[in-house]
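K.L.:
The sequence isn't on hand, but the structure is:
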């Protein structure tokens, strides 16, 4: 045996033994090694050796006659190969430089071993020499049967498998196994798990096959225990840490992923520090070093930044020069907002460059805007000159879209405001990015990269998108201060089959409302910028009021209908939407509570004394056939969560294209957003509307003219639109105030007064709201706090017919017995002829006393006596004294201030508002605290 080396299940070093010389024609081993273990009958998991030591590495054992490595041993008479199973002998010999008939040395044999191991095809190689007859004994590396992952819980197998180069039916090699281990560990390090370990093991099978098992110990995420900053004088450590994406561990950061160590985030934080200082005037700021040290237990990191702040600068002279002939500086000077004496701000310069570029692009130019700086270190000023040059035209050679595995290419391409072959326009590129982002199909961190094309005047646009889930299945239950118990089941797909279509269906059930709705929207009909959609719905709504803090249903409205929508884009920002709707309404009242035989003829009908004449007039079935349009201007940078831009909508609906309802409803709605920097977003919203009826007048049961606009078609206002007020808590209303017979006065306790909102023909509403940024941990939780001011009013309804004994001498409530107090209304008294008599009696009269009063008083004047049984019935059906008061029909603004928080909780969207009403009118219902869970806002 000339030499050997083994890659078996346990690492063993090759032994180099020089035992003797060639004697008596027998083979004398020169290199020897223990034989490989026999294959086990039962598969045994064995560790994969870390490395194969090169031949000749071991220290030679004592020898009787050492042979110098460079000395010729003899001539090769033959070169045979044994032990090969899959490889041909000639293939094995082709890896060697040894040839029959040539001389060989010890060094040559050693090199032959190295050459064979370098192929990574063999687990063991031995060379035997029988007087020049060399025999190459090989044991081939096993074939991989399968790859198994164990212990991976935080990182799923579908994330790890693409990183593993070993594969079934391949030859197992130790170097590939080591490389796979390194890649798996790198995956875990990217997740912040620096304590993760991976141990590869083999399970020996028959036919020289193995299962490769990667035993993974994931460990905990390595957190950032502390962030040290050295060299900061102008700003505290806390201020600078607040600018970083990486956060220190602590109780307030338990839900934040920013506490995990990430090397890429470390580089990003250095950029954030530099950006922070540059926006605060420190033009010479630099990060000298950033070191992340892993604690000995590999659980946490300690990060240390060494910085140099430098001096703080102010702006010197700020000017603009234009080399474009048709674009004089005076056209662009108004875009420069900074002036001499202001603190230097690199962000302002960057924004000004973008604004000049976009404005010049809108005017048809392709500018190259470059700021030139002149630094005066003595005066600590930075003068800036914006130089606008006419850049060479660059054309878009190609638009590539990557990462859209579900969304079809055309869905993304149709949002581009440029096409292949167009001249490059930065404004249109930015607009394209905003439109794609507004689709809501992709992750927020998206941009359009610009890459060189095939020629200097060619450019490739590359949109690298990362898709997110667009399907929503929501099954939620909750409690609302408005709706009480809520169950909501909805399914919605905003990118149906990757075509950008929206399909939705929902069922909602609560104590006071029920609905079912299905809808479909195609945003690009026949690949044209024409949207079409439709909805079918049924909604059951119960209106209500409060008496003694108990919520009582007043009327029920059941609406069944459908709507068809059509939308077309007029320009980039203007669009027109048209619609047709057909609905059937049925408004009813609880018959046991609000109906009675008012005329004594056995006919049960709505009783104005119980329900109020305004509710009785709203009852009935009606059909609404309406056609409408909306003219929309929208240049928001993001339709989901805008931070800049504005949106305005003017809409009108004409009801009367058939049906029984006739009106024209006009509405305006506008919002403007400003990004104030630092994550602050300011929103100003205004809206208003007016409904004008047409057709014949409406007359109530008492013969009085009433408002032509039905109760259910009017505008209502209150929470949640006007925070600080209860639902429908603002505007015209009728209050039914009970009479206290013991004191002879009407009650003033609001909880005992029935309050029914009537709505109005006109309304207006405005709000000013600022969203306040929070740390990364709160943002990840979906918390978005805000402060706001709301103002609005609803008004313009015709005054209804009221019951008020204090002003109406003919009221059914009068002082009949002369005790100075109003007496209840007594009905159902009939004379001997069976005629219905309306009488008024005192609540403290006995049956006999009432009979006497009836016989000698009111009934006697009718010429007949009262029936005794009807007198008893009258006492049990008497109507308590009350007065109706009409309030709130005023256009004066109601104003409230407060704060609120939106939270995308695991239980569904959650909104909480605390608002205080500053200005209100008599009759308005205020509410300080409101919340909703399990429903959309």
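P.N.:
Yep, that arrived. All figures in this text were calculated on a predicted structure; none of them were measured in a lab.

K.L.:
Can you point out the buried residues in stretch 146-156?
P.N.:
By 16 or more other C-beta atoms under 10 Å, the buried positions in stretch 146-156 come out as 147, 149, 152, 155. From N, CA and C alone the C-beta is placed, and that goes for glycine too.

K.L.:
Is the second one in contact with residue 218, as I believe?
P.N.:
No - under the contact definition of C-beta atoms under 8 Å, residue 149 does not touch residue 218, with a separation of 11.3 Å.

K.L.:
I'd like the list of the buried residues of stretch 146-156 that fall within helices, please.
P.N.:
When the buried residues of stretch 146-156 are checked against helices (DSSP state H), there are no matches.

K.L.:
Reformat the residues you listed as CSV; add distance to residue 261 and pLDDT.
P.N.:
Below are those laid out as CSV (distance: C-beta to C-beta, whole Å; pLDDT from 0 to 100):
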residue, distance to residue 261, pLDDT
147, 29, 92
149, 24, 92
152, 20, 89
155, 16, 87
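
K.L.:
Check those residues and tell me the two furthest apart.
P.N.:
Farthest pair in the buried residues of stretch 146-156 (C-beta to C-beta) is 147 and 155. Separation: 15.2 Å.

K.L.:
List the buried residues for whichever strand in the chain runs longest?
P.N.:
Counting by DSSP state E, the longest strand found in the chain is strand 550-569. By neighbour count with 16+ other C-beta under 10 Å, strand 550-569 contains the buried residues 554-555, 557-559, 561, 563, 565-567.

K.L.:
And stretch 181-195, by the same measure?
P.N.:
181, 184-185, 187-189, 191-195.

K.L.:
any idea which helix or strand carries residue 276?
P.N.:
Here residue 276 sits within helix 263-279, counting by DSSP states H and E.

K.L.:
now that helix: how far from the chain's centre is it?
P.N.:
Relative to its chain's centre, helix 263-279 lies at 26 Å (C-alpha atoms, centre = their mean, to the nearest Å).

K.L.:
For it, give me every contacting residue.
P.N.:
189, 235, 240, 243-246, 258, 285-287, 290, 292, 303, 305, 307, 309, 344-348 (C-beta atoms under 8 Å, 6 or more residues apart in numbering).

K.L.:
Which neighbours in the sheet does the following helix or strand past that helix have, and how are they oriented?
P.N.:
Following helix 263-279 in sequence order, the next helix or strand is strand 286-294 (DSSP H and E). Using DSSP bridges, strand 286-294 pairs in its sheet with strand 300-308 (antiparallel).

K.L.:
what about the strands in the stretch 101-250 of the chain?
P.N.:
Using DSSP state E, counting those that start in this stretch, the strands of the stretch 101-250 of the chain run over 103-105, 122-130, 133-140, 143-150, 197-205, 209-217, 223-230.

K.L.:
Minimum distance to residue 759: which of these has it?
P.N.:
Here strand 223-230 is closest among those (C-beta to C-beta), at 56.6 Å.

K.L.:
Where does pLDDT dip in the stretch 351-500 of the chain?
P.N.:
444, 472-486, 488 (pLDDT under 70).

K.L.:
quick one, helices of it?
P.N.:
Along the stretch 351-500 of the chain, counting by DSSP state H, counting those that start in this stretch, helices occupy 409-413, 426-438.

K.L.:
outside of the last one, which residues touch it?
P.N.:
Right, helix 426-438. 354, 357-358, 361-362, 412, 415-418, 442, 444, 446-448, 450, 461, 463, 465, 572, 636-640.

K.L.:
can you check stretch 223-243 too?
P.N.:
Counting by C-beta under 8 Å, 6+ apart, residues outside stretch 223-243 touching it are 192, 244, 246-249, 259-261, 272-273, 276, 280, 282, 288, 295, 299-309, 312, 775.

K.L.:
Does residue 774 touch residue 783 like I think?
P.N.:
Yes - between residue 774 and residue 783 there is a contact at 5.9 Å, judged by C-beta under 8 Å.

K.L.:
picking that back up, could you dump the strands of the stretch 101-250 of the chain into a markdown table and include distance to residue 382?
P.N.:
Formatted as a markdown table, the strands of the stretch 101-250 of the chain follow (distance: least, C-beta to C-beta, whole Å):
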| stretch | distance to residue 382 |
| --- | --- |
| strand 103-105 | 74 |
| strand 122-130 | 69 |
| strand 133-140 | 71 |
| strand 143-150 | 57 |
| strand 197-205 | 52 |
| strand 209-217 | 54 |
| strand 223-230 | 25 |
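
K.L.:
Among the ones you listed, show me which one is buried the most.
P.N.:
Most buried of the strands of the stretch 101-250 of the chain, by mean neighbour count (mean count of other C-beta atoms under 10 Å): strand 122-130, with a mean of 23.

K.L.:
Can you give the strand pairings for that one, parallel or anti for each?
P.N.:
Checking strand 122-130 against DSSP bridges gives partners strand 3-6 (antiparallel), strand 133-140 (antiparallel).

K.L.:
Report the contact partners of residue 139.
P.N.:
Here residue 139 is in contact with 36, 83, 122-125 (C-beta under 8 Å, 6+ apart).

K.L.:
how much space is there between it and residue 117?
P.N.:
12 Å (C-beta to C-beta, to the nearest Å).

K.L.:
list residues touching both of those two?
P.N.:
residue 125.

K.L.:
what's near enough to touch residue 375?
P.N.:
Residues near residue 375 by C-beta under 8 Å, 6+ apart: 283, 313, 381-382.
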